[in-house]
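>>> sequence first, then the predicted structure:
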Amino acid sequence: MKFEILAPAGSQESLVAGVRCGANAVYLGGKVLNARRNAGNFNPEELKKAVNYCHARNVKVYLTLNTLCRDGEIQEAYTLVKNALSYGVDAFIVQDIGIIKMIKNCFPQAGIHGSTQMSVMTAEGVRALKEMGVSRAVLPREMTAEEISEIRKNTDIELEMFIHGALCMSVSGQCYLSSVLGQRSGNRGLCAQPCRLSFSADNSHSFDLSLKDLSLIRQLSQIKDLGVVSLKIEGRMKRPEYIAAAVSSVKKAINGEYSIKDEILLKSIFSRNGFTQGYFNNKMNRDMFGTRQKEDVVAANDVLKQFAHLYDNENPLVPVDMEFECLKDKPVRLTARALEKEITVFGDVPETAIHKPMTEEGLRERLSKLGGTQFYARKIEIQLDDGIILPASKINALRREAAEKLNETEIKAVSSFPLPEILPRATAGKPYFTARFSDAAQIPDKHPFERVFIPIWSSNEDFIDNRGGVELPRGLFGCEKRIEERLLVLKKIGVKNALCGNIGTYKLAQKLGFKVFGDFGLNIFNSIAAAQIHSPILSFELTVDEANQIRAEDTGIMAYGKLPLMLTRNCPVKNNIGCEACGKKGVLTDRKGIKFPVVCSPYPCVELLNSLPLYMADRMHEIKTDFIHFYFTDEDVKQVEKIIALYNSGSRADFDYTRGLYYRGVL
């Protein structure tokens, strides 16, 4: 199996750097609707030029359409896809299930890759992507080699994984820290990276959310055995020199030439106090954490020029086969084949040689001079009559004309279907109430909730006594079989409802016969997405007005609770003070002294919660969704009863709270 080296391209210069250094594919974004909106990115004319440049060098182009889209942006996404297909874009990297549905309905020929922002980390989740029409899954960076192997054994679509670049502390697609704290949403391409600031588990101003950069370049033989086809380099916000260094290093590693010296140089161009392989090797410890140090910056300054030279000149990447016909009394003819194209150009009629006639050897040498282009001569066939000659300038002109014609691309015809009309939703009455509790002991004997959910690890008695549905975890690393076994037990004791915030658990619970409900982790942001999920809790990154306008059956919003800001596999508290000192009461303190609870569970991930609860009781008249959802975390039963009373009466709170993003929105 041959690896694809997939390079980031935040600008035209970065694209050139990646291609000239040996990338087989690049991923890039348009000016809108991509997860790196602060990169240079590409307007329509620049995108067309970029695709032409790449395809002329046998390099594929994947366009990132990997943000959540509002209803008002669906038409914009549609136009972007249509234009990109006409330019020849090979596939789209997508997060939003509404956009996936739109692309498959309107552009059946389009290739779709499921973004790592979809948080798909199980075989069932990958199979769900295939059902949607996705041909490749981009795996989360938090997966171990064993977990990737399990997915490969049980699915058959292409797998792509990050092998070098920055690591987010949170599972991609499940981080709301930047949006809730500052309206800059990672799910909308504007993450401000607050996790790189001080968040300390021991009040020492340490950086317990900042991970070192990932580098798995030394593990390529192991990755090959896992059946991964695409090696992805993170870095659309990075300099071209970084792209050149990373791509060159991966290329060397594939060829068995990557050395300690190369690794030192790669660390010099950019690192956060070194690299980590922690997730992949299942060694999640303090060694994974790091920040950008002064010496890291100094080291980069020393090597930037060295790496810039890697992409100074065109690299002969593409083989070309030629047939040259030079016969008496006929115009010369040159046929060239490359890039799945064949072109023919004609020149003058050759003259009778007075002194030295042309030779096949001389012609072959002249036709091979493709320097300054991406081509190199592989096979040259020559038909030459004796005793004739053609000026060297004429032969050179024919060779240049052939190369130019091989470079030419045409706008492709795109077969498409119009956007389907989204029918208006029926006006909802007063929203009904649903709730999740982190512990069954919080549930009052009398409550107004139409549906109640408790975590999957609750006791059988808790489910039976409270007629509770099961809340499935969003972080599923390596525990899909364990979850399936537990669900089968719960089904036997009469549990019917399942609340799922991951497409993998949604499909698994559905397959096992549960009535499935969509949780906030599915990031439902538009009407097309909402229509695919049963009774979805919409994204809390929507405003109230935007949520009210979603046109789908039985939608709800989170109306109370400490919002989950981050889902992380590597516990920031454990890695600083340890589990014993934490006693399951961990908090992180930011540089302003604000404390954020950290909640652990028997499953692989922990959650970072907001410091204040979301509160909407006194604004209920503005909420037009079908239901509202309560997210109870650390409240005791008396506090729960108080909250219920406040929402029944529509009263103002007598405690500190937040309105979340319902009136601020995200950028």
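The structure has been received and is ready for your questions. On a predicted model such as this, the values are computed, not experimentally measured, just so you know. Numbering: from 1, shown residues only.
>>> which strand or helix spans S221?
Assigned by DSSP states H and E, S221 belongs to helix 220-225.
>>> what of R36?
Using DSSP H and E, R36 sits in no helix or strand.
>>> that one touches M237, doesn't it?
Yes - with contact defined as Cβ atoms under 8 Å, R36 counts as touching M237 (5.9 Å). All C-beta atoms are positioned from the backbone trio N, CA, C, and that covers glycine.
>>> what about the two, which has more around it?
Ranked by neighbour count (other Cβ atoms under 10 Å), R36 and M237 place R36 first, with 22 against 16.
>>> where does Q306 land in three-state SS?
Look at Q306: counting by DSSP: H, G, I helix; E, B strand; the rest coil, its state is helix.
>>> pLDDT wise, what is the nearest residue to it once chain neighbours are set aside at?
Spatial nearest neighbour of Q306, excluding adjacent residues (Cβ to Cβ, 6 or more residues apart in numbering): L265 at 7.6 Å. On pLDDT, L265 comes in at 89.
>>> list the beta-bridge partners for the closest residue to E342 other than its chain neighbours.
Distance criterion Cβ to Cβ, 6+ apart; nearest residue to E342, sequence neighbours excluded, is T335 at 6.6 Å. Bridge pairing for T335 (DSSP bridges) gives the partners E323, T344.
>>> thought T335 was touching T344?
Yes - contact criterion Cβ under 8 Å: T335 and T344 qualify, at 4.6 Å.
>>> name the surrounding residues that touch stretch 548-556.
71, 422-425, 431, 434, 524, 526-527, 530-531, 534-538, 542, 547, 623-629 (Cβ atoms under 8 Å, 6 or more residues apart in numbering).
>>> contacting residues for the residue nearest to E342?
Per Cβ under 8 Å, 6+ apart, neighbours of T335: M322, E323, F324, E325, E342, I343, T344.
>>> secondary structure element holding L28?
Here L28, judged by DSSP H and E, is contained in strand 25-29.
>>> direction included, what does that strand pair up with?
Here strand 25-29 has these sheet partners by DSSP bridges: strand 4-8 (parallel), strand 60-65 (parallel).
>>> need the ones you listed in JSON lines with distance to P597, mean pLDDT and mean neighbour count, can you?
Listed next are those as JSON lines, based on distance: least, Cβ to Cβ, whole Å; pLDDT from 0 to 100; neighbours: other Cβ atoms under 10 Å:
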{"stretch": "strand 4-8", "distance to P597": "35", "mean pLDDT": "98", "mean neighbour count": "24"}
{"stretch": "strand 60-65", "distance to P597": "34", "mean pLDDT": "97", "mean neighbour count": "25"}
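>>> so which of the ones you listed comes closest to E146?
With Cβ to Cβ, the closest approach to E146 among the strands paired with strand 25-29 belongs to strand 4-8: 23.0 Å.
>>> A128 touches M121, doesn't it?
No - the criterion here is Cβ under 8 Å, and A128 misses it with M121 at 11.8 Å.
>>> overlap of the contact sets of these two?
Common neighbours of A128 and M121 (criterion: Cβ under 8 Å, 6+ apart): G504.
>>> looking at the two, which has the bigger crowd around it?
The residue with more neighbours, out of A128 and M121, is M121; 29 against 25, by other Cβ under 10 Å.
>>> can you tell me how far the more buried one is from V171?
Separation of M121 from V171 (Cβ to Cβ, to the nearest Å): 8 Å.
>>> ditto for L476
Relative to V171, L476 is positioned 10 Å away (Cβ to Cβ).
>>> Y27 too?
Look at Y27 and V171: by Cβ to Cβ, they are 20 Å apart.
>>> can you check I354 too?
77 Å.
>>> and if you look at I503?
Counting by Cβ to Cβ, the gap from I503 to V171 is 13 Å.
>>> any shared contact partners between these two?
Between them, I503 and V171 share the neighbouring residues S119, with contact defined by Cβ under 8 Å, 6+ apart.
>>> the residue nearest to Q306 contacts V303, doesn't it?
Yes - counting by Cβ under 8 Å, V303 is a contact partner of L265 at 5.9 Å.
>>> picking up where we left off before, turn the contacts of T335 into a markdown table, columns for pLDDT, distance to K2 and neighbour count.
Converted to a markdown table, the contacts of T335 look like this (pLDDT from 0 to 100; distance: Cβ to Cβ, whole Å; neighbours: other Cβ atoms under 10 Å):
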| residue | pLDDT | distance to K2 | neighbour count |
| --- | --- | --- | --- |
| M322 | 97 | 26 | 24 |
| E323 | 97 | 29 | 16 |
| F324 | 96 | 32 | 24 |
| E325 | 96 | 35 | 17 |
| E342 | 95 | 25 | 12 |
| I343 | 95 | 27 | 17 |
| T344 | 97 | 31 | 12 |
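>>> now, among these, which is nearest to L488?
L488 has its nearest neighbour among the contacts of T335 in E342, at 59.3 Å by Cβ to Cβ.
>>> how about the closest one, secondary structure?
Here E342 takes the strand state, with states given by three-state DSSP.
>>> how close does it get to A397?
20 Å.
>>> now swap in Y560 and tell me
Per Cβ to Cβ, Y560 is found 75 Å from A397.
>>> what's the answer for I343, then?
As judged by Cβ to Cβ, I343 and A397 stand 15 Å apart.
>>> what's the answer for N255, then?
Separation of N255 from A397 (Cβ to Cβ): 37 Å.
>>> show me which of the two is the more surrounded one.
Counted by other Cβ under 10 Å, N255 and A397 do not tie: A397 has more neighbours, with 14 against 9.
>>> you'd agree the more buried one is up against G347?
Yes - counting by Cβ under 8 Å, G347 is a contact partner of A397 at 7.3 Å.
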